[in-house]
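Novice: Model the structure of this input:
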Amino acid sequence: MELGPRPSSTPAPDPTPLIGRKDKTPLATKLLEQADAINPQLGSPLFSQLPREIRELIWRFSLTRFEDLDRLYPIGRRYARPDRAAPLRTALDLLRTCRAIYVEAYLIPFEVNPFVVHDGDLQDLPPLVSPHQCMPGDLGRYEKLKPWQLAHMSSVEMTVQQFQLEGGSVERVSRLVGALGRHKGHECKGFTLQGSAHFTPPRSSGADTPSEVQDGYTRLSPSQDLPVGKRITSLTIRMLRTDWWTWSSSPQEGSENPRERLRLEPLVNTTKNEYLAMTRGYEARKEGAEPDFGLDGFEKEGRWGTQITEYWPDLATLELVLETFACKESQLDYVVECAKLWTFPVGNEYRLVYDGLESVRWRGANAYGYEGSFSWIGEENKAQSGEQNATVIQWRPTSDDDDGESPQEFVIKTLKYKRRRREREN
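Specialist: Here you go, the predicted model:
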């Protein structure tokens, strides 16, 4: 169907095609408009003795996603890993207990849980069990989120292959969740057919009003039910063990040839051919200088580090979660040392700077299906013996599908970056 001009007597429609507009307000808004629709539950100590602030903490804890360990994933699936041993659930039954709880807590599932995006290998994608969890282009999943629900999400978690990360994924995901529209204090209208969140200036104002929106969002209420976007303040970028350009290279190949080593650099378009860029950047930053890779203006726009600055202006925290085979841990350690010096400007006065590291070692299945082409995995990536055993976490209860053979071992390094004010130059 092609949209054309309408008679002047009919108001002009929004020209952006959307996926099934959902302008319905939450049930809570309608309940709050009726004074006698909600029992205040004063007979319950939860409401009669605890202050609202304490109840808020209870709701936030109770409505944070968790692993449903009664439905464990088979250990041999590539998506089974720490914090993903089973499907993730949110205890939404809490909101059905009574109206008093519902009107206090109905926004919290969207405020405390991230929008999850998978831009990587399909074999690493767990079954989709949440409306927040989707792939770019999978518009059917987006339809489950109403505009006011999408508007109140403030964190994003993306799993991405390196070629996608260096190919614009950071920008694409920002459009998917409407990071820039949220920054301007705009109202969420849903998703466009092109697969991005659609935000427009609030109906009460024809201009951008970021300064008028406290903390980047407005709670829905009987007097103001506009789903103004909550700003995206937290971003997690995750690369799994097979997401690297050189994941299939053996540890020996990496030790002999720098082209075969793990590498990552936020200020180049791609490290596939620029295999020394990470080291060059590290040497420059150690001397207190920003690395110059000789890129022109167009090339600079494609760098994922630049895209964080340009398309995610409200980030307070950034996490890079990097995984590899245990036998290649030394390569990942070097990536981490280089990454500790990375900074990401956000706005004119702030930047994201390194703020800590978490390391995890975990054991999975004996085989995942890709070992036949790479003999080094079966030979070198088995569970380590000796003192290192103490560092291995237990990420799932023992189950019948554990094969009992020597499991493979993996390491995860999580780099944390925090928003800091830039130091003024003298």
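Novice: just for the stretch 101-250 of the chain, where's the confidence low?
Specialist: 128-143, 204-226 (pLDDT under 70).
Novice: go with 80
Specialist: Counting by pLDDT under 80, the stretch 101-250 of the chain contains low-confidence residues at 127-144, 193-195, 203-226.
Novice: Strands of that one, start to end?
Specialist: In the stretch 101-250 of the chain, the strands defined using DSSP state E, counting those that start in this stretch lie at 115-119, 133-134, 155-160, 187-191, 197-200, 234-239.
Novice: The first one versus strand 234-239: what angle between them?
Specialist: Put plainly, it is strand 115-119. Inter-element angle recorded for strand 115-119 and strand 234-239: 30 degrees (by axes from the mean of the first three to the mean of the last three C-alpha atoms, to 10 degrees).
Novice: Output the contacting helices and strands for strand 115-119.
Specialist: strand 133-134, strand 155-160, helix 169-177 (3 or more C-beta pairs under 8 Å, 6 or more residues apart in numbering; DSSP states H and E). Just so you know, the C-beta spots here come from the backbone N, C-alpha and C atoms, and that holds for glycine as well.
Novice: If we ignore the residues flanking it in sequence, what's nearest Ile232?
Specialist: Nearest residue to Ile232, sequence neighbours excluded (C-beta to C-beta, 6 or more residues apart in numbering): Ala179, at 4.8 Å.
Novice: surely that neighbour meets Tyr311?
Specialist: Yes - using C-beta atoms under 8 Å, Ala179 makes contact with Tyr311 at a distance of 5.8 Å.
Novice: Among those two, which residue is more densely surrounded?
Specialist: Each of Ala179 and Tyr311 has its neighbours counted (other C-beta atoms under 10 Å); Ala179 has more, 24 against 18.
Novice: List the residues that contact the more buried one.
Specialist: For Ala179, the contact set (C-beta atoms under 8 Å, 6 or more residues apart in numbering) comprises Ile232, Tyr311, Trp312, Pro313, Asp314.
Novice: circling back: which of the helices and strands packed on strand 115-119 sits closest to Arg78?
Specialist: Each of the helices and strands packed on strand 115-119 has some distance to Arg78 by C-beta to C-beta; the shortest is strand 155-160, at 11.4 Å.
Novice: Switch the strands of the stretch 101-250 of the chain over to CSV; also include mean neighbour count and distance to Arg52.
Specialist: Listed next are the strands of the stretch 101-250 of the chain as CSV, based on neighbours: other C-beta atoms under 10 Å; distance: least, C-beta to C-beta, whole Å:
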stretch, mean neighbour count, distance to Arg52
strand 115-119, 22, 27
strand 133-134, 21, 31
strand 155-160, 23, 23
strand 187-191, 23, 26
strand 197-200, 22, 30
strand 234-239, 21, 24
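Novice: Nearest to Glu104 among those would be which one?
Specialist: strand 155-160 (21.0 Å).
Novice: mind checking how far the closest one is from the chain centre?
Specialist: Per C-alpha atoms, centre = their mean, to the nearest Å, the displacement of strand 155-160 from the mean C-alpha position of its chain is 2 Å.
Novice: by contact count, what packs against that strand?
Specialist: The contact analysis (3+ C-beta pairs under 8 Å, 6+ apart) places strand 155-160 against strand 115-119, helix 169-177, strand 234-239.
Novice: Pairing partners for the shortest one, with directions?
Specialist: The reference is to strand 115-119. Using DSSP bridges, strand 115-119 pairs in its sheet with strand 133-134 (parallel), strand 155-160 (parallel).
Novice: May I see those organised as JSON lines, with distance to Arg420 added?
Specialist: Formatted as JSON lines, the strands paired with strand 115-119 follow (distance: least, C-beta to C-beta, whole Å):
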{"stretch": "strand 133-134", "distance to Arg420": "31"}
{"stretch": "strand 155-160", "distance to Arg420": "19"}
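Novice: who wins for proximity to Gln331 among those strands?
Specialist: Closest among those, using C-beta to C-beta: strand 155-160, at 19.1 Å.
Novice: From the rest of the structure, what touches the closest one?
Specialist: Residues outside strand 155-160 that contact it (C-beta under 8 Å, 6+ apart): 113-120, 124, 169, 173, 177, 232-240, 243.
Novice: Let's see that with 7 Å instead.
Specialist: Identification of contacts with strand 155-160 by C-beta atoms under 7 Å, 6 or more residues apart in numbering yields 114-120, 124, 169, 173, 177, 232-240, 243.
Novice: now do stretch 364-374
Specialist: When contacts are defined by C-beta under 7 Å, 6+ apart, stretch 364-374 is touched by residues Ile75, Gly76, Arg78, Ser248, Ile377, Gly378, Asp403, Glu405, Ser406, Pro407, Gln408, Phe410.
Novice: For those, work out which two are farthest apart.
Specialist: Every pair of these checked by C-beta to C-beta; the farthest is Ser248 and Asp403, at 23.1 Å.
Novice: These two: which has the busier surroundings?
Specialist: Neighbour count, other C-beta under 10 Å: between Ser248 and Asp403, Ser248 has more, with 14 against 11.
Novice: Since that was my last question, I'll sign off now.
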